[in-house]
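**Student:** Here is a sequence together with a model predicted from it:
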Amino acid sequence: MAKPRSQTDDAVLEVLREAATPMSAYQLLDQLRPRGVQSPPVVYRALERLEKAGRIHRLEGLGAYFACCGRDHAKGTVFAVCTVCHKVEEWSGEGIDALLAMEAARGGFAVEGRTIEVRGVCAHCRGTTGAEAGGLHSHGPGCECGHEH
């Protein structure tokens, strides 16, 4: 028997918050089976509700999900995905939405949504600190910088 929605949503969110890297729906299901979640549709519905509520994000390129770090996404967000360790950082994309809106208006295009994902190698995997990488740093899931977030 499936768990009530709120319990399933809470369980999915808890697993994603504890995960070091984004997870697919089937990876989530494997983690949730001991908690009584047995059906892929139950996981997909919970993911849909959590994404709609802004509590998780979906990486289009990976088909995987991760917990939101809590930042204000009203000004745009860029997801930086490390191709080595697979951790994700949420960067401020301030100004990106305005730029996209301007270009869309120029071409008569009606934007319905956007996801911007950048792939590369994070400072940790490159063996550098945020300061050595030009002082840029954002705090995303799995951040191990030691600062208070």
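**Tutor:** Sure, I can see it.
**Student:** When you work out contacts or count neighbours from here on, use the C-alpha atoms and nothing else.
**Tutor:** Will do.
**Student:** Could you report the neighbour count for the nearest residue to Gln31 once chain neighbours are set aside?
**Tutor:** Among residues not flanking Gln31 along the chain, Val15 sits closest, at 7.4 Å (Cα to Cα, 6 or more residues apart in numbering). Applying other Cα atoms under 10 Å, we find 16 other residues in the vicinity of Val15.
**Student:** Reduced to three states, what does Glu103 come out as?
**Tutor:** helix (DSSP: H, G, I helix; E, B strand; the rest coil).
**Student:** just for the chain, where's the confidence low?
**Tutor:** 1-5, 71-75, 129-149 (pLDDT under 70).
**Student:** just so I have it, where are all the helices in the chain?
**Tutor:** Using DSSP state H, the helices of the chain run over residues 5-18, 25-32, 40-52, 96-107, 123-126.
**Student:** Please work out which residues outside the longest one touch it.
**Tutor:** Residues outside helix 5-18 that contact it (Cα atoms under 8 Å, 6 or more residues apart in numbering) are 22-23, 28, 31-32, 37, 42-43, 46-47, 49-50, 55-56, 65-67, 141.
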